[in-house]
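Visitor: build me a structure from this.
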Amino acid sequence: MKKRNLIFLILLFVASNRAFAGRENYLVRCNQKLVEVVMEDLFTPVVASRVNAYPNLAAYAVLSQKGRTLEPLEGKLNQFEKISAPSNKVDLSLSALFAFTTTAKKLVYSEYMFDQFEASESGIWLKNNKNDTMLLRLSMEYGRQVAQEVIVWMKKDIYDYTRTLTRYVITDSAGAWIPTGPGYANALEPNWPLMRSFVFDSVNAVKAIPNVKYSEDKNSEYYKNAFSLYQQSQNLDTNKRLIAWYWDNNPNILKSDGHVNYFIHKVSPGGHWIRIACQAVKNRNLDEFKSAEVFTFLALGIYEGFLSCWTEKYKSNAMRPETYINRLISPQWKSYIETPPFPEYTSGHSVVSSASATILSGLIKQPYAFTDSSEMYLNMPPRRFKSFREASNEASISRFYGGIHFMPSLTNGILQGNAVGNFILSRFKKSAK
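Guide: Below is the predicted model:
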C-alpha cells in the first residue's frame, strides 16, 4: 500500500519542467534541502554536523558501487562494513538520492519536507526516463536498503545514549565557564566528546594548543587578551560589525522586545560551508563522483571539527569574555553578538571553518575566487572572497569582532581545524587527488 501511494504521489509531479539530469546537481539539491530542514528543525550546530554527515555518507556509499574514482568507505570509517551490492538493475544516481533522503529522515523532525522532495525529484526522473516506474521502484528500494545499513551503523555512535545523561554541572573553579545572558542557558552538548569519531582512533587525536593560563593580574597575558578585546569592541566600525553578523550563524538567537521574547533562525556554521560548497560544485560543473567527494569529505570535516573542538572546550572549560570583562574591566559590557552557551576555548567557528577551507581547497581546483550569497535570506549583501582560506579566516576573526572569543581561541582554533582537514584528505588521498 505504501509503495502504491508513493508511486501515485510521484505521478502527480511528472509535469514538472525542471530536469533531473546533471548528475552533479541532485547532490547539490539534496544538500540544499538538508540545510533548509536543519534550519527548520532548529538543530544546534554540533548536532547539525551529525545530521549533515550521515546522509552524504549514504549517498557516497551507493555511488562507490558505480565509479572507480570513489574509494569504498569500509576500512576508512570506524566500524563501517561493506554495504550490499544491488541485486537488480538500478539507476545508482537515483538510488544515491533515496539513500540520502531516507537516512536524512531518520535524523530530522520535519520528515514531510523530504517526502515532498522525494516525490518532486522522482517525478522529474520519470519524465526524463520514459516513465519507467519499474526502474524507479528498484532504484528507490536499493537506495532505501543502503540507507538502512547506514542507519544501523549510525545507531552505534551512542548519540541516543548522550541524550540520557545528566545536565552539565557548573564549577566554581577560577576561570571556569558560567552561563551568560540573555537566556543564561545551560551548557550545550557537554557530552559530545563521548561521540564516536568517523575517522580518528580517539577524540584526542587532534589536540589544541593549551589555552593561556587563567589570571586576573593586569600584567598577565590573559588579562591583556581580554583588555585587547574590550578596546576593539569600543571602536567597531561598520565593516567589522557586518563581518560579525555575517558569520554569526547562531541557529536560534533570543531577542527581547519589551515583554515579548522571540527567536531568529539562522543557518549553522556547517550549513554555511555546505552552501559555499554547493555553489562551488555548480561553478566548477563537477560530476556526481567529485560532488560526492566534496560533500562527504566536507561533512566529515565539519563533524570531526566540532568533535575535536568540543573535546577541548569541556576539557579547558574556559569562561567567556563577557564574564571576565564584567568582573574585571566593565560591569555593564556586553558582547556585540549573542554569547553562545558553552565554554570559550577553542573557537568552533575557527576550527570548523579552517577544516572546511582545507578540505575544499584540496578538492576544488585552485585558484578559486567566489561570491558568497549564503546570508542573503537575512537581507545581508553577498561577500567576495579570493579563496576558501580567506573566507575561513574572516569567519574566525568575526568571533573577535563579535566579542565572544579571545584571540588565542581563534589562532589556535585555526591550527586545530587545519589538522582535522588535512587528516580527512590524507585518509582519502587516492580519491582526493
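
Visitor: skip the chain neighbours and tell me the closest residue to Ile397.
Guide: Nearest residue to Ile397, sequence neighbours excluded (Cβ to Cβ, 6 or more residues apart in numbering): Leu410, at 6.5 Å. C-beta: built from backbone N, CA, C; applies to glycine.

Visitor: quick one: residues contacting the one you found.
Guide: The contact partners of Leu410, by Cβ atoms under 8 Å, 6 or more residues apart in numbering, come to Ser347, Ser350, Ser396, Ile397, Arg399, Phe400.

Visitor: try 10 Å this time
Guide: By Cβ atoms under 10 Å, 6 or more residues apart in numbering, the contact set of Leu410 is 346-347, 349-351, 354, 393, 395-400.

Visitor: got a winner among those for most neighbours?
Guide: With neighbours taken as other Cβ atoms under 10 Å, the top of these is Val351, carrying 37 neighbours.

Visitor: work out for me the element it sits within.
Guide: helix 348-363 (DSSP states H and E).

Visitor: please work out the average pLDDT along whichever helix or strand comes after that helix.
Guide: Once helix 348-363 ends, the next helix or strand along the chain (criterion: DSSP H and E) is strand 370-372. Here strand 370-372 scores 96 as its mean pLDDT.

Visitor: circling back to that earlier point, can you redo the contacts of Leu410 as a markdown table with pLDDT and distance to Ile414?
Guide: Output for these, formatted as a markdown table (pLDDT from 0 to 100; distance: Cβ to Cβ, whole Å):
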| residue | pLDDT | distance to Ile414 |
| --- | --- | --- |
| Thr346 | 98 | 9 |
| Ser347 | 98 | 8 |
| His349 | 97 | 10 |
| Ser350 | 98 | 5 |
| Val351 | 98 | 8 |
| Ser354 | 98 | 5 |
| Asn393 | 98 | 7 |
| Ala395 | 97 | 10 |
| Ser396 | 98 | 6 |
| Ile397 | 98 | 10 |
| Ser398 | 97 | 13 |
| Arg399 | 97 | 11 |
| Phe400 | 98 | 12 |
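
Visitor: just the closest of those to Asn78, please.
Guide: Nearest to Asn78 among the contacts of Leu410: Val351, at 20.2 Å, using Cβ to Cβ.

Visitor: that closest one and Ala208: what is the separation?
Guide: 8 Å (Cβ to Cβ, to the nearest Å).

Visitor: any common contacting residues for these two?
Guide: With Cβ under 10 Å, 6+ apart, Val351 and Ala208 have common neighbours Ser308, Cys309, Glu312, Lys313, Ser409, Asn412, Gly413, Leu415, Gln416, Gly417, Ala419.

Visitor: surely Gly421 meets Val199?
Guide: No - assessed by Cβ atoms under 10 Å, Gly421 is found out of contact with Val199, at 11.5 Å.

Visitor: of the two, who's got more company?
Guide: Neighbours per residue, other Cβ under 10 Å: of Gly421 and Val199, the larger number sits with Gly421, 30 against 18.

Visitor: where's that one, which helix or strand?
Guide: helix 407-427.

Visitor: for that helix, which positions count as buried?
Guide: 407-425, 427 (16 or more other Cβ atoms under 10 Å).

Visitor: with stretch 364-379 instead?
Guide: Per 16+ other Cβ under 10 Å, stretch 364-379 contains these buried residues: Ile364, Phe370, Asp372, Ser374, Glu375.

Visitor: quick one, what contacts the fourth one?
Guide: The one in question is Ser374. 35, 246-247, 249, 267, 271-276, 278-279, 380, 382-383.

Visitor: check the first one too.
Guide: Ile364 sits next to Ala277, Ala280, Val281, Asn283, Arg284, Leu286, Lys290, Val294, Phe370, Ser387, Phe388 when contact means Cβ under 10 Å, 6+ apart.

Visitor: ok, now with 6 Å
Guide: With contacts defined as Cβ atoms under 6 Å, 6 or more residues apart in numbering, Ile364 is in contact with Ala280.

Visitor: now it: how far from Leu63?
Guide: Ile364 is 18 Å from Leu63, by Cβ to Cβ.

Visitor: same thing with the second one?
Guide: Shown here: Phe370 relative to Leu63, a distance of 25 Å by Cβ to Cβ.

Visitor: nearest residue to the most centrally placed residue in the chain in space, please, no chain neighbours.
Guide: Compute the mean C-alpha point of the chain, and by Cα atoms, centre = their mean the closest residue is Gly270, 2.5 Å away. Closest residue to Gly270 apart from its sequence neighbours, by Cβ to Cβ, 6+ apart: Ile302 at 4.1 Å.

Visitor: lovely, talk soon.
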